[in-house]
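Novice: turn this into a structure:
(chains A, B, C and D)
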Protein chains: 2
Amino acid sequence: MKTELLVELYDVARLMRTRFDRWARTYGMTRAQGVILARLARQPGMTQNEMAGLCEVEPITVGRLVDRLEARGLLERRLDPADRRIRRLHLLPAAEPILQEIQRYKEELFREITGDLDQATVELVTDALLKMKSKLTMETPAKIAAAGE
Amino acid sequence: MKTELLVELYDVARLMRTRFDRWARTYGMTRAQGVILARLARQPGMTQNEMAGLCEVEPITVGRLVDRLEARGLLERRLDPADRRIRRLHLLPAAEPILQEIQRYKEELFREITGDLDQATVELVTDALLKMKSKLTMETPAKIAAAGE
DNA sequence: ATCATATAATAACGCGCGTTACGTTCTTAG
DNA sequence: CTAAGAACGTAACGCGCGTTATTATATGAT
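Specialist: Numbering: from 1, shown residues only, chains lettered A, B, ... in the order given. Just a heads-up that it's a prediction; the model follows:
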């Protein structure tokens, strides 16, 4: 059986992350941290657990990323008055210019990586990836329901 | 611009790795270690640097993976008689059954993930991924300039 | 022959991710 | 009201990956 797709998929993802992180380091950022900021910009005040559900990573991962972002003054944890277990996340003004730079570079990277491909292929691949993702997340319907955005 | 492809690509790769690693832990293995074994099976006696080139990771990464594999008795480093800087890698018999199990599970995972897709789509996506990979592997002028301080 | 450079592997450090175990704080059943 | 359980966040630990610096060895130029 030709399982080449799996290997290539992983390789491209790794190379992409490495490339992005190398650029992002000039801003003291990483890809994963950028994702947190971007999600938070669209939906301020969410809890760390909600963030973990949206990003489809474990809560502990979000906690560590938030640690670093908070240390850099890009966001803050605010205590929930009703439930003292909860920390709600809010962006700080310093995050704004960084978010814009990330978006700009992401588009640049996208142009570079998909330079060989026509629009139809990009859409087809994206669609295929979404189907694969749904297969992989099928075991956890709760997360899919939470990810409705 | 629709940069959705980048995000989906990375998500699928992460979910895939997590899934594979969870299974592989039964054998005390990880995906990355499995790749080393598989490459070595096809080409015994290569150096760590050659392995790094084939896997497109840094030599230090290979070194650490080999550390663990050697500790588990799955391979060994042999000194090169002609060049004492070099360690050549050789599989040990214990690796054989593990290699077979990995191949079996990889096929199972491939079937699960691509269950929704027809043969033509799989080939198209694989082809697109190969093109993206070549773009990312290509040394861009900007990258060279940045690297050559 | 010597000195400079290049290469193989490693050490040190940081980030991303997971699992397991734990403390704190709700919530709910009795 | 209390005891049991669930939920939120975190600490500890291991693995995967990178960059930078270091050691040991080869090789090339003068």
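Novice: residues contacting whichever residue of chain A sits closest to DNA strand C?
Specialist: For chain A and DNA strand C, the shortest gap (Cβ to the nearest atom of the strand) falls at A:Thr30, measuring 2.7 Å. Every C-beta, even on glycine, is put in place using the N, C-alpha and C of the backbone. The neighbours of A:Thr30, taking Cβ atoms under 8 Å, 6 or more residues apart in numbering or on different chains as the test, are A:Asp21, A:Ala24.
Novice: where along chain A do the strands fall?
Specialist: In chain A, the strands defined using DSSP state E lie at A:75-79, A:87-91.
Novice: among the ones you listed, which comes closest to DNA strand D?
Specialist: strand A:87-91 (4.3 Å).
Novice: give the buried residues for the closest one.
Specialist: By neighbour count with 16 or more other Cβ atoms under 10 Å in any protein chain shown, strand A:87-91 contains the buried residues A:Arg87, A:Arg88, A:Leu89, A:Leu91.
Novice: can stretch A:7-16 be found next to DNA strand C?
Specialist: No - shown here: stretch A:7-16 not in contact with DNA strand C (Cβ under 7 Å from any atom of the strand), separated by at least 10.3 Å.
Novice: buried stuff in that stretch?
Specialist: Buried-residue list, stretch A:7-16, by 16+ other Cβ under 10 Å: A:Glu8, A:Leu9, A:Tyr10, A:Asp11, A:Val12, A:Ala13, A:Arg14, A:Leu15, A:Met16.
Novice: just to check, the fifth one is in contact with B:Leu9?
Specialist: Yes - taking contacts as Cβ atoms under 8 Å, A:Val12 lies within contact range of B:Leu9: 6.3 Å.
Novice: circling back: dump the strands of chain A into TSV; add mean pLDDT as well.
Specialist: Formatted as TSV, the strands of chain A follow (pLDDT from 0 to 100):
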stretch	mean pLDDT
strand A:75-79	95
strand A:87-91	96
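Novice: dump those strands into TSV; add distance to chain B as well.
Specialist: Shown next, in TSV, are the strands of chain A (distance: least, Cβ to the nearest Cβ, whole Å):
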stretch	distance to chain B
strand A:75-79	20
strand A:87-91	20
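Novice: can I get those in CSV with distance to B:Glu96?
Specialist: Shown next, in CSV, are the strands of chain A (distance: least, Cβ to Cβ, whole Å):
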stretch, distance to B:Glu96
strand A:75-79, 51
strand A:87-91, 50
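Novice: how about stretch A:15-26: buried residues?
Specialist: Across stretch A:15-26, burial judged by 16+ other Cβ under 10 Å covers A:Leu15, A:Met16, A:Arg17, A:Arg19, A:Phe20, A:Trp23, A:Ala24.
Novice: before we move on, back to that, ok, and which of the buried residues of stretch A:7-16 reach DNA strand D?
Specialist: A:Arg14.
Novice: please narrow the buried residues of stretch A:7-16 to those residing in helices.
Specialist: Within the buried residues of stretch A:7-16, residues falling in helices by DSSP state H are A:Glu8, A:Leu9, A:Tyr10, A:Asp11, A:Val12, A:Ala13, A:Arg14, A:Leu15, A:Met16.
Novice: return the closest of those residues with respect to B:Gly63.
Specialist: A:Arg14 (17.5 Å; Cβ to Cβ).
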